[in-house]
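Asks: model the structure of this input:
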Amino acid sequence: SGKDLFDYPPKPFGCSRFPYRISLRQSIKPPDETPGSAVKAKKKPAAALLLRPGCLIFAVKTQIEMTKRMLYRSVLAIAAMAGPCLAAASASRANETVQTYWNDSGARKGLYVERAKDDPNREPTIFLAGHKYRDIGMNCYDLFNCALKFTDDGLRIDLSDSFATLELLKKEGIGLIRFNCGIYYSAELGASYMTDRDAYIDALRQIAARAQELEIGLIPCLMWHYAAVPEYFGEPLRSWGRPGSKTVEFLKAYTTDIVTSLREYKSIFAWEFGNEFNLHADLPQYAQRHTQADPPDWRDVFGTEDPDWRIRGKDILYAYRTFTRIVRRLDPDRRMLLSGNAILRETQYNQYTRDRMTIDDTKQYRKISRILNPGPIETVSEHVYQHGRQFADLGKVSLDEQIAIAVETARSLGKVYVMGEFGAIRGSREEYVPFFEAFLKAGVQLSLFWNFSLRGNIEQSCTPTERGPYIFELIREYKQKDAALHGE
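Replies: The predicted structure is shown next:
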């Protein structure tokens, strides 16, 4: 039943509390709609793939980008031979960029995206106070949530863990944090913002003020869990796309309240809509119930036969546009905007346009990247945890190739590629390195590790003692490598 569905234990990592969370994070394999179609595409020679309509230009442009980035190893080798002094000097220049921002009382607040004037290609670039900005930051899901204490006597605010988290991350060299600027369960919405709005907003203001004192940037994610708001108002999930619904009216009111309350703080670096809404859009419906090996049917995921619960990509798109219009109107500094999408499904375009679980090609990947990061959103946000993915025209590509294609796709749309989440729990330090390397090679300007938890009570997290020490070491190491490679 719907009630049982929402009683499922919370899964803040990636936003879903539903029992199909793991299968949703994994790439969906399409059913064999045409015998052997997917297999044949993988087995075709490279030349045959490139001769397919529309593939040659994209492949050539992508190859040029990948070739340019192959030079990074030579640059790093030179830096290594020059000794630690060069790396230290590069890191110092990067620190000066950030320090200029915090010291300049008249600086434009937060990150913004413009086409770089000193770049002959005029590529879209993230800036901070007039300087190109590059960073590896940290997700801290419960930076705000940990302060909300729900008691029999009502809401109690305790910011001690929030402040301790900020101070610890500052000591470890973290300069940017993404966090849940809201709640997870619908019941929490009723017990916090809806009943004690002033205390709720005051807590957020105090976190923003403390982050500003510590010179840490923040990315608040306003609508973390896609089911919480509709559930609170007793509406189906498709209410995100319905003008006049209580869900949409709350989106407008809450976005207005948060932006007007926090826009004065220099610590607010960007605004993000939500977390991984795209994973739940346009899920398939089968004539006959699928086997366990097939992708999940939306009726199984949402626990209902009511089609109003089958959230569509167009519903999410309406919510994104509503959010961005409000933020653009209220934020005079026009800070950077993010959708908060997970990695786009390998079938996302065909799900959106045809209700088919057919692997997208690179042209379709570009189209759906534009659709699900609309208008004022100047970024293409993804969360990447797997090594590589499939394209219908290229077959299986490696992690390095996947990120290079994603970066080039974003640039071709006039946007910047942002890695909103990566990492999670892995067996050793070495297992994280391929992700750092892939982002470095592809020139990813901004990436955020998932996740730091002070008390270790958020799944897939590092803590001050468990994995945290070598994760912070890796972040510092690759910040230096990035500064040495890009000279910024």
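
Asks: below-threshold pLDDT in the stretch 251-400 of the chain: ranges please.
Replies: Along the stretch 251-400 of the chain, the model assigns pLDDT under 70 to residues 288-295.

Asks: where along the stretch 301-450 of the chain do the helices fall?
Replies: In the stretch 301-450 of the chain, helices defined by DSSP state H, counting those that start in this stretch lie at 313-330, 348-354, 362-371, 399-412, 433-442, listed in chain order.

Asks: could you give the angle of the longest one to helix 362-371?
Replies: Counting by axes from the mean of the first three to the mean of the last three C-alpha atoms, to 10 degrees, helix 313-330 points 50 degrees away from the direction of helix 362-371.

Asks: quick one: secondary structure of Glu249?
Replies: With DSSP: H, G, I helix; E, B strand; the rest coil as the basis, the three-state label of Glu249 is helix.

Asks: for it, grab the count of nearby residues.
Replies: By the other C-beta atoms under 10 Å criterion, the neighbourhood of Glu249 contains 14 residues. In this view, the C-beta of every residue, glycine as well, is placed from N, C-alpha and C.

Asks: for Pro332, same thing?
Replies: Under the neighbour criterion other C-beta under 10 Å, Pro332 is assigned a count of 9.

Asks: ok, it to Arg370 distance?
Replies: Separation of Pro332 from Arg370 (C-beta to C-beta, to the nearest Å): 27 Å.

Asks: repeat for Leu168
Replies: Separation of Leu168 from Arg370 (C-beta to C-beta) stands at 39 Å.

Asks: these two - which one has more neighbours?
Replies: More crowded of Leu168 and Arg370, by other C-beta under 10 Å: Arg370, with 18 against 15.

Asks: residues contacting that one?
Replies: If a contact means C-beta atoms under 8 Å, 6 or more residues apart in numbering, then Arg370 has Leu413 as its contacts.

Asks: show the pLDDT at the most centrally placed residue in the chain.
Replies: Nearest to the mean C-alpha position of the chain, by C-alpha atoms, centre = their mean, lies Gly420 at 3.0 Å. pLDDT, Gly420: 98.

Asks: now it. Nearest residue, chain neighbours left out?
Replies: In space, and not counting its chain neighbours, Gly420 is closest to Ser381: 4.7 Å by C-beta to C-beta, 6 or more residues apart in numbering.

Asks: ok, how many other residues are close to the one you found?
Replies: The tally of other residues near Ser381 (other C-beta under 10 Å) stands at 29.

Asks: wait, it sits on Asn373?
Replies: Yes. At 6.9 Å, Ser381 counts as touching Asn373 under the criterion of C-beta atoms under 8 Å.

Asks: need the residues touching each of the two.
Replies: Contacts common to Ser381 and Asn373, judged by C-beta under 8 Å, 6+ apart, are 339, 341.

Asks: what bridges to Met336?
Replies: Legend: beta-bridge partners of Met336 under DSSP bridges are Ala270.

Asks: my guess is it meets Lys109, correct?
Replies: No. In this structure, Met336 is not within contact of Lys109 by C-beta under 8 Å, at 11.0 Å.

Asks: run through the helices of the stretch 101-250 of the chain in chain order.
Replies: Across the stretch 101-250 of the chain, reading from the start of the chain, the helices by DSSP H, counting those that start in this stretch fall at 160-171, 186-191, 197-214, 228-232, 246-262.

Asks: against Phe233, how distant is Ala164?
Replies: 35 Å.

Asks: same question for Arg242.
Replies: If you measure Arg242 against Phe233 using C-beta to C-beta, the figure is 12 Å.

Asks: who's in contact with Leu169?
Replies: Under the criterion of C-beta under 8 Å, 6+ apart, the contact partners of Leu169 comprise 138, 140, 177, 216, 452.

Asks: which pair in these has the greatest spatial separation?
Replies: Maximum pairwise distance in those, criterion C-beta to C-beta, is 12.4 Å, between Ile216 and Phe452.

Asks: which one of those two has more residues nearby?
Replies: The neighbour count for Ile216 versus Phe452, taken as other C-beta under 10 Å, is higher for Phe452 (28 against 22).

Asks: how close does Ser162 sit to Pro434?
Replies: The gap separating Ser162 from Pro434 is 33 Å, by C-beta to C-beta.
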